[in-house]
Structure formats: C-alpha cells, structure tokens
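# Below are the sequence and a predicted model; questions follow.
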Amino acid sequence: MSDLFSSAGLETEAPRPLADRLRPQTLEDVVGQDHVLGPEGPLGRMLAQGRLSSLILWGPPGVGKTTIARLLAEKAGLEFDAISAVFSGVADLKKAFERARARRQAGRGTLLFVDEIHRFNRAQQDGFLPVAEEGIITLVGATTENPSFELNAALLSRCQVMVLKRLDAEALDKLLRRAEAEEGTTLPLTEDAREGLIAMADGDGRYMLNLAEELIALKPDAPLDLKDLSSVLQKRAPVYDKDREEHYNLISALHKSVRGSDPDAALYWLARMLSAGEDPLYLARRIVRMANEEIGLADPGAVHAALAAKDVYEFLGSPEGDLALAQAVVHIACAPKSNAVYAAWKAALRTAKGTGSLMPPAHILNAPTQLMKEVGYGQGYEYDHDVEGGVSGQNYFPTEMGKPPTFYEPKPQGREAALLERLERFRAVRAERAKRGD
C-alpha cells in the first residue's frame, strides 16, 4: 500500500506541524515550568515519592498543560485518556469512567485529562468526585481561568492546583533553537527581529512555533528586520477577556499604580487595557472613582479632571479621546493622596447602621409649630454665623451617643493640610464647650 502512495507522489502520513513535532518527550524537556516540575517543585517531589494526586493545571494558552498531563501519565505508569469539556457532555464522561473502571479491573490505572475543565457546569464537575475518591481515575484538569471562581469548592478540595507560568523570553528562545535544529536551518531574522518574534508570541510557545514555521517556509532572500517581520506576521492579540480575571487583574494594577503615585506604571496599565479592547467609558468611571477614593480633598480638582476626561472622551471618541483619559490618569497619579473622606464615610456608615433611629438633639430640631416650641424643639440653638470665630461648638450628634465620634481625619498634605488646621481649631472649641457642660 505504501508503494502505491509513493508512486502517486503521496505520503502515508499527513504532515505534522512543527509545534507537534517538537512536543516534549519527557518532563525534563518541558521549558519554563521548573517551579512546578523541577526536583524542588511540587510535582517533582510528588513523582520522586512515587505518587500522583489529582491536579488542576492552571495557566495561559500555549504553556504545555496537555503535554505535561500526558508525560505525567507516562511517568506514573497510568493510561492516558483525554477529553475536552468543549466537545463533551455527560454521556462522554460516563464512557470515560467506564473505560477507567475496566482498566482498573485489569490492574491498570487511568489518568483522565480534562481540557478546559472550567467549561463543565457545577453538576458535571460534581460527577468527577466519586470516581476520583474511589481511585478509579487520577483527574488532571486544565484551565486558563482562575479555579477559585470557575470550579466547585468540592472539586478543588480534592485536587492540588498547579500554577503554570507564561513562557518568558529565555524559555521561548530555547524553543526557537529547538525549532531551528528540527528544521536544520536558522530563522531568517536579524537579532532585533528575533527578539520581536519572541515578544509577538506573548508567552505562548505553541503560537511562536507556528510563527517560526511560517518564517521558515517563507525563505526570504535576506534576513528580515523588525519592520519586515511586522509586515509579514500578525501579532498575537493580548490575552484579555473583559469579564474574566485578566480584566480585574489589570484594573487592579492601574488603580494601585495611581494610589502609589506612579504615573508611568499607571499609563502602562491604561495602555494595556485600551489596546486590549477595554471599554474606555468603563475606564473613565474607574478614574473618577480613584479620584474620590485615593485623593479626595487633598486635591479637590482631581475629580473634576476625571469627569472632564469622561466628557472629552464622549465628545471625541477614540483614538483622540484616549489622550484625555491618559491626562486624567497622570493628574491623579501625581496628585497628593488622601483616603480620609473615604475612610470617614465607611466609619460613618457603620456607626449609622449601629445606632438605629436615634433622634437629633432637640436644639437642632426645627420648630415650625407652637407645640414643637413648647416641647423644646430648637431651644438653645446658637446661630454659628453670629458667634465669634463662626463656630459655636454645640453638639450635633444624638445625645444618647455620648461623646461625639470622630470620622474625618484629614491628611497633612495637599489641600487637606489647611483643612486639618481648621478642624483642629473647631474641635478644640467643641471639646472646651463639652468640658464646661454647656
């Protein structure tokens, strides 16, 4: 049969992609995951002790989750059985469990690899519990999503979560050298273009090997520089999902960079989110929130700058309006910081919820009727504008609360420094009056 194929100019096997041909054959060949697979890593120690528990492999695309699962099965002497949650349902799970039971009866164990395990619903995830507990399968699930949010607590309690890292430049360069050795050639790139290719991969080894295969097939007359590389290859879109963990990670990084008064880092995270397709008006809302939470009265103009940026963006749109968001981010990152109003508001809310329906003191109650005046409403109230210094020092909290609480503590910086000085004077007047018992 093979002679018939050869005589017709055909191969008996379909050509295999470079990434598949370079798939590691041993755990030692896996790059970039030594923190998990090395002798001191959790999987390395587990295998050295001759055991393998159920696992969740959590990491970005193209870092070797499927390959690691297959090699773990081989190392542990287990049959490798793989299903994908994208294409499988309850019937497929039952068949996989039946195959594992049959192997168990024949004295062989099964490593069941479940790709995209987070795609299974809660009930389907619960289906793994009894077969894993009975030892019928050793479950290895792979996910690109945070297991804390996407997997049942019951399933997580029976599995160890192994966090796989995106491949760094060193690991990706090692893969490129393997690709060159496999193909018996050197990538037709200048040094800068080679670094650019690694950057294009954005930590995804499989994607980078696919790009390398394209370049080798291209066979240019001269090595490509960085500009040529950008014109012949499509850069990988950043890993970003506006309703998943990456979204929350990046907005957290932006917010904390602003809080830490680092305008450069804040601009970087803003640019990352905008270039990944984040809704600019979502970012505008968050910038307004930051101005209130992190700056407050230390720079009252910050919230106005943030609101103006929102208005400018709505008027201009992208890309011109993006600059307004960048300007607001730099403003609030460089502004003096104070969370005093934010902290005061939270404390006031706690106290208000805890004191129920206490009435204001009688002297600050309105008395629009004669009856109200007769029962003491408004009696003894002092009009602060008529008092020397403009502050009477009267108590404005419910009498039952005793000593008035202090919520707002201005920071001694920015505009709040002057407020601190004024409040200290006002509070001294109140303290003196309370001491006199007025």
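Everything's here; your move.
# okay, CA-based contacts and neighbour counts for the rest of this
OK.
# helices or strands up against whatever helix or strand Lys95 lives in?
Using DSSP states H and E, Lys95 sits within helix 90-105. If you count contacts as 3 or more Cα pairs under 8 Å, 6 or more residues apart in numbering; DSSP states H and E, helix 90-105 packs onto strand 110-115.
# ok, and what's touching the strand it packs on?
66, 69, 73, 78-85, 96, 100, 103-104, 136-143 (Cα atoms under 8 Å, 6 or more residues apart in numbering).
# Take those residues and keep only those in helices.
Secondary structure defined by DSSP state H assigns 66, 69, 73, 96, 100, 103-104 of those to helices.
# okay, those in TSV with distance to Lys353, pLDDT and neighbour count next?
Putting these into TSV (distance: Cα to Cα, whole Å; pLDDT from 0 to 100; neighbours: other Cα atoms under 10 Å) gives the following:
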residue	distance to Lys353	pLDDT	neighbour count
Thr66	53	93	18
Ala69	53	95	27
Ala73	57	94	21
Ala96	55	93	17
Ala100	57	94	25
Arg103	62	93	17
Arg104	60	91	15
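# okay if I get these as CSV plus distance to Lys411?
As requested, these are exported to CSV (distance: Cα to Cα, whole Å):
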residue, distance to Lys411
Thr66, 53
Ala69, 54
Ala73, 59
Ala96, 63
Ala100, 65
Arg103, 69
Arg104, 68
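# How is the chain partitioned into domains?
Following automatic domain parsing, one finds the domains of the chain at 33-163, 169-232, 248-334, 356-436.
# Strands along the protein, start to end?
55-58, 79-84, 110-115, 138-143, 160-163 (DSSP state E).
# Nearest to Arg45 among these would be which one?
In terms of Cα to Cα, the element of the strands of the chain nearest to Arg45 is strand 160-163, at 13.1 Å.
# List the strands paired with that closest one, with their directions.
Strand pairing for strand 160-163, using DSSP bridges, gives strand 55-58 (parallel).
# Contacts for the strand it pairs with next, please.
Identification of contacts with strand 55-58 by Cα under 8 Å, 6+ apart yields 65, 139-147, 159-164.
# Among those, name the buried ones.
With burial judged by 16 or more other Cα atoms under 10 Å, the buried subset of the contacts of strand 55-58 is 65, 139-145, 147, 159-162, 164.
# Dump the residues you listed to a markdown table, plus distance to Pro360 and pLDDT.
Output for the buried ones among the contacts of strand 55-58, formatted as a markdown table (distance: Cα to Cα, whole Å; pLDDT from 0 to 100):
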| residue | distance to Pro360 | pLDDT |
| --- | --- | --- |
| Lys65 | 64 | 94 |
| Leu139 | 63 | 95 |
| Val140 | 63 | 95 |
| Gly141 | 60 | 95 |
| Ala142 | 60 | 95 |
| Thr143 | 57 | 93 |
| Thr144 | 55 | 89 |
| Glu145 | 52 | 87 |
| Pro147 | 50 | 89 |
| Cys159 | 57 | 92 |
| Gln160 | 57 | 92 |
| Val161 | 55 | 93 |
| Met162 | 57 | 93 |
| Leu164 | 59 | 93 |
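# Between those, which sits nearest Tyr408?
Lowest distance from Tyr408 to the buried ones among the contacts of strand 55-58 (Cα to Cα) belongs to Pro147, with 40.0 Å.
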